[in-house]
Structures are given as structure tokens and as C-alpha cells.
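Colleague: task: produce atomic coordinates for the following.
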Amino acid sequence: MTLPLSIAAGKAGEQPVGAALGLQIGRGGEEPILFALAPLGTAVRPGLRVVLPGPVEVPLAVDVCFPDGCRASAPLDAAQMSVLLSAPQADLQFFPFGAEAPVAAAVTLPDLRGSLSGAGVTLGD
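Modeller: Numbers count the residues shown, from 1 in each chain. Here you go, the predicted structure:
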């Protein structure tokens with residue numbers, strides 16, 4: 001199942017940019033994949049990253065780009081998933097092509113345990 005987590009907004013210079021963060025996970029809590037949708041023009045290298053409290057960094061590799069934006073993702077290990085489940089917020093960071101500084105946007109995360117439980121996902125804590 002796919003669960004949208006939040007929409008992030010930041011600025012590339014003076015230009016506002018937006019991105020979305022989501023989680024793909026099996027009904028039994030298996031194979032969690034954190035993904036982001038970023039605007040076209042995002043630099044493929046270094047890609048995107050999500051910074052969780054700790055700090056725990058999750059680098060997201062760009063999977064594909066379409067005319068309306070790019071998708072980047074990474075599988076989460078058990079430690080990263082545990083931090084994500086309890087994190088109140090994350091920072092989504094990416095470089096617009098040719099920029100010297102990344103776009104960084106604070107993303108408020110929902111009650112992820114409650115959302116997953118409500119969707120019928122069983123987490124093996």
C-alpha cells in the first residue's frame with residue numbers, strides 16, 4: 001500500500017518549489033520504501049535525502065522523471081523505520097539542477113503508527 005505522508009515547500013533562490021513525501025509498505029509491514037516526488041529540474045546526483053531525528057539520513061535515489069516531476073526512493077531498514085514511526089517531522093532536501101545550495105523543507109509527519117494501523121498494516125515491533 002502507498003501512504004502519502006506530507007507535502008513540503010521550500011525555496012530555490014527566490015522561486016518556491018514543492019515536493020511530496022510518501023511511504024510504500026506491505027500489509028504485514030514488510031518492505032517499507034520511503035519515496036519523494038520532486039519537481040522537474042532536480043539534480044539526479046546527489047539525488048534527494050530525508051533527514052530524521054537522530055540525525056538519521058535516508059538518501060533517496062532518483063528512480064524516474066516524468067514531465068511533471070521526479071520520483072526518488074529508498075528501502076528502509078528496521079532502524080530507519082523505527083525512527084520514522086516516532087518522528088514528528090523530517091527534513092526533505094534536494095538540489096535543483098545548477099543550484100549551489102539544497103532546497104530544505106521541514107515536513108510534519110502524521111501519526112504514522114495510527115495511520116498504518118487504520119489502513120490494516122500490521123507492524124512487527
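Colleague: need the helices for the chain, in chain order.
Modeller: Counting by DSSP state H, one finds helices in the chain at the ranges 78-86, 112-118.
Colleague: any idea which of those has the lowest pLDDT on average?
Modeller: Among the helices of the chain, helix 112-118 has the lowest mean pLDDT, at a mean of 88.
Colleague: list the helices and strands that helix packs on?
Modeller: Here helix 112-118 touches strand 2-12, helix 78-86, going by 3 or more C-beta pairs under 8 Å, 6 or more residues apart in numbering; DSSP states H and E. Quick note: C-beta positions are derived from backbone N, CA and C, even for glycine.
Colleague: for this protein, which helix or strand comes out least confident on mean pLDDT?
Modeller: Every helix and strand in the chain was compared by mean pLDDT, DSSP states H and E; the lowest is strand 2-12, with a mean of 73.
Colleague: mind listing the strands for the protein?
Modeller: Taking DSSP state E to define them, one finds strands in the chain at 2-12, 15-24, 33-38, 48-52, 56-66, 69-75, 89-94, 103-108.
Colleague: so which elements touch the fourth one?
Modeller: Pointing back at strand 48-52 there. If you count contacts as 3+ C-beta pairs under 8 Å, 6+ apart, strand 48-52 packs onto strand 33-38, strand 56-66, helix 78-86, strand 89-94.
Colleague: export the third one as PDB, just CAs?
Modeller: Output in PDB follows, covering the C-alpha atoms of helix 78-86 (Å, rounded to 0.1, in the frame of the first residue of the first chain):
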ATOM      1  CA  ALA A  78      14.400  -1.700  10.600                       C
ATOM      2  CA  ALA A  79      16.300   1.100  12.500                       C
ATOM      3  CA  GLN A  80      15.300   3.800   9.900                       C
ATOM      4  CA  MET A  81      11.700   2.600  10.000                       C
ATOM      5  CA  SER A  82      11.600   2.700  13.800                       C
ATOM      6  CA  VAL A  83      12.800   6.300  13.800                       C
ATOM      7  CA  LEU A  84      10.300   7.200  11.000                       C
ATOM      8  CA  LEU A  85       7.400   5.700  13.100                       C
ATOM      9  CA  SER A  86       8.100   8.000  16.000                       C
END
